[in-house]
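Undergrad: Could you look at this predicted model? Sequence included:
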Amino acid sequence: MAGVFRLLFFRKETSNLGWILLVIGIALVFLSGGVIFCSTSLWNLLLGFAALISGYKLLNEGRINF
């Protein structure tokens, strides 16, 4: 979370540190065994993808056009 926070709010000052923290966090999650892959329905996939795109547009533009 610290890596994402640094990349979103302190992009110019600590971008390399943010990426390093993000990679370390992802590696620790996979090494701890906390990730369980299971099948998902197409509805859940589409809903998650729509949420991802909406969040991206909110971060970049500050609004969502319907």
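TA: Okay, I see it.
Undergrad: From the recorded domain assignment, give the ranges for the protein.
TA: 1-35, 37-66 (automatic domain parsing).
Undergrad: how about Phe30, what does it touch?
TA: Residues near Phe30 by Cβ atoms under 8 Å, 6 or more residues apart in numbering: none. Using the backbone N, CA and C atoms, a C-beta is placed for each residue, glycine as well.
Undergrad: That one: which element?
TA: helix 15-32 (DSSP states H and E).
Undergrad: Phe5 now?
TA: helix 2-9.
Undergrad: and the angle from that helix to helix 15-32?
TA: If you take axes from the mean of the first three to the mean of the last three Cα atoms, to 10 degrees, helix 2-9 sits at 150 degrees to helix 15-32.
Undergrad: Against Gly25, how distant is Glu13?
TA: 19 Å (Cβ to Cβ, to the nearest Å).
Undergrad: which element follows the helix holding Phe30 toward the C-terminus?
TA: helix 42-61.
Undergrad: quick check: angle from that following helix to helix 2-9?
TA: 50 degrees.
Undergrad: Show me what counts as buried in helix 42-61.
TA: By 16 or more other Cβ atoms under 10 Å, helix 42-61 has no buried positions at all.
Undergrad: Pull that helix out as PDB, backbone CA atoms only.
TA: The C-alpha trace of helix 42-61 is given here as PDB (Å, rounded to 0.1, in the frame of the first residue of the first chain):
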ATOM      1  CA  LEU A  42     -18.000 -14.000 -16.700                       C
ATOM      2  CA  TRP A  43     -20.300 -11.700 -14.800                       C
ATOM      3  CA  ASN A  44     -17.700 -11.200 -12.000                       C
ATOM      4  CA  LEU A  45     -15.000 -10.600 -14.600                       C
ATOM      5  CA  LEU A  46     -16.900  -8.000 -16.400                       C
ATOM      6  CA  LEU A  47     -17.900  -6.200 -13.200                       C
ATOM      7  CA  GLY A  48     -14.300  -6.200 -12.000                       C
ATOM      8  CA  PHE A  49     -13.100  -4.800 -15.300                       C
ATOM      9  CA  ALA A  50     -15.800  -2.100 -15.300                       C
ATOM     10  CA  ALA A  51     -14.700  -1.100 -11.800                       C
ATOM     11  CA  LEU A  52     -11.100  -1.000 -12.900                       C
ATOM     12  CA  ILE A  53     -11.800   1.200 -15.900                       C
ATOM     13  CA  SER A  54     -14.000   3.500 -13.800                       C
ATOM     14  CA  GLY A  55     -11.400   4.000 -11.200                       C
ATOM     15  CA  TYR A  56      -8.700   4.700 -13.800                       C
ATOM     16  CA  LYS A  57     -10.900   7.400 -15.400                       C
ATOM     17  CA  LEU A  58     -11.600   8.900 -12.000                       C
ATOM     18  CA  LEU A  59      -7.900   9.200 -11.200                       C
ATOM     19  CA  ASN A  60      -7.000  10.700 -14.600                       C
ATOM     20  CA  GLU A  61     -10.000  12.800 -15.500                       C
END
